[in-house]
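A.B. asks: I would like to see how this sequence folds:
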Amino acid sequence: MSQLISIASFAAAAAGLAACSSGSDPSEQHAAMTSEQKSAMQKQQVVELLKSIETGDTKPVSYINPNKYIQHNLAVGDGLAGFGEVLKQLPKGSAKVNTVRVFGDGDYVFAHTDYNFFGPKIGFDIFRFEDGKIVEHWDNLQETPTAPNPSGNTMLNGPTASKDLEKTQKNKDLVRQFVDDILVHGRMEKLTSYIEGDNYIQHNPQIGNGLSGLSIALQAMAQQGITMKYDRIHKVLGEGNFVLTVSEGSFAGKWTSYYDLFRVENDKIVEHWDTIEAIPPMSDWKNRNGKF
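C.D. replies: Coordinates of the predicted model:
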């Protein structure tokens, strides 16, 4: 089964990692790197790990701490065994993975990926590193729409490279305040202080570009009796002009996880991608780590 990573492969790789004691200490090598080197290495490792779902390459399992891998995808069991068990269930040769964007923020790497994983999906993945190893994972997946949104944009197209790295914290603060003001507290009178009219590119599959597109979509939702509510921001991660927020709320009355990626230009939000995923009832969870 060359196209799959079996649970046995994961277990063998993990055992090999735990038993390995020769050579220099990887944590010492990691500590000697500059922050830029660490970030580049961690981003590359995440891309390789995600791609291994498609290729069956077992090498990237070595990037994970086999004794501490905390899983927040509630459909997957904890640790390497849980990940391996899910991959074992994939139909042979069915998985496809294309990571379009990957960014780093300290110990975190967040990726934006086009999947075929039990069906076509768009996903955001967040990995946390500790002493040079992956120790924790969160994600948010949404089924890939069959057509572009009203403005012709897909959930993935658009710029992929970050810039303005010196503005990372400033941009994170701006986006956090936007989500808090507009999405959590509904202070719509402040919207134009964050977005300039129709100079706003939208990748949500149901919403067109600009404030006009947002207004049309909100009116249509209201007519259908659909409510979208953000209650709490859990994470704000950024690299330069790209900022990802992870929030909790409800959509159409269902407990929901919102992942929103924003691109900032000249202190204004100019582009937005997202995934919206319903959170299953706790009785269906395969682990007890929680979604967030």
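A.B. asks: So the residue nearest the centre of the chain, which state does it fall into?
C.D. replies: The centre of the chain sits closest to F124, judged by C-alpha atoms, centre = their mean, with a distance of 2.2 Å. Secondary structure, DSSP: H, G, I helix; E, B strand; the rest coil: F124 is strand.
A.B. asks: what sits against the residue lying closest to it once chain neighbours are set aside?
C.D. replies: Nearest-residue entry for F124: Y259, 4.4 Å, with adjacent residues in sequence omitted and distances by C-beta to C-beta, 6 or more residues apart in numbering. No exception for glycine: its C-beta is placed from N, CA and C like everyone else's. Going by C-beta atoms under 8 Å, 6 or more residues apart in numbering, Y259 touches 124, 140, 244-247, 274-277.
A.B. asks: Give me the buried positions along the helix or strand hosting Q37.
C.D. replies: Following DSSP states H and E, one finds Q37 within helix 35-55. Neighbour-count burial for helix 35-55, counted by 16 or more other C-beta atoms under 10 Å, picks out 38-39, 41-43, 45-47, 49-55.
A.B. asks: Same check on stretch 198-213?
C.D. replies: Residues of stretch 198-213 classed as buried: 200-205, 207-211, 213 (neighbour count, 16+ other C-beta under 10 Å).
A.B. asks: Farthest-apart pair in those, please.
C.D. replies: The largest separation in the buried residues of stretch 198-213, counting by C-beta to C-beta, is between P205 and L211 at 18.1 Å.
A.B. asks: Including pLDDT and secondary structure, could the buried residues of stretch 198-213 go into CSV?
C.D. replies: Putting these into CSV (pLDDT from 0 to 100; DSSP: H, G, I helix; E, B strand; the rest coil) gives the following:
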residue, pLDDT, secondary structure
Y200, 95, coil
I201, 97, strand
Q202, 97, strand
H203, 98, coil
N204, 97, coil
P205, 97, coil
I207, 95, coil
G208, 95, coil
N209, 96, coil
G210, 94, helix
L211, 89, helix
G213, 90, helix
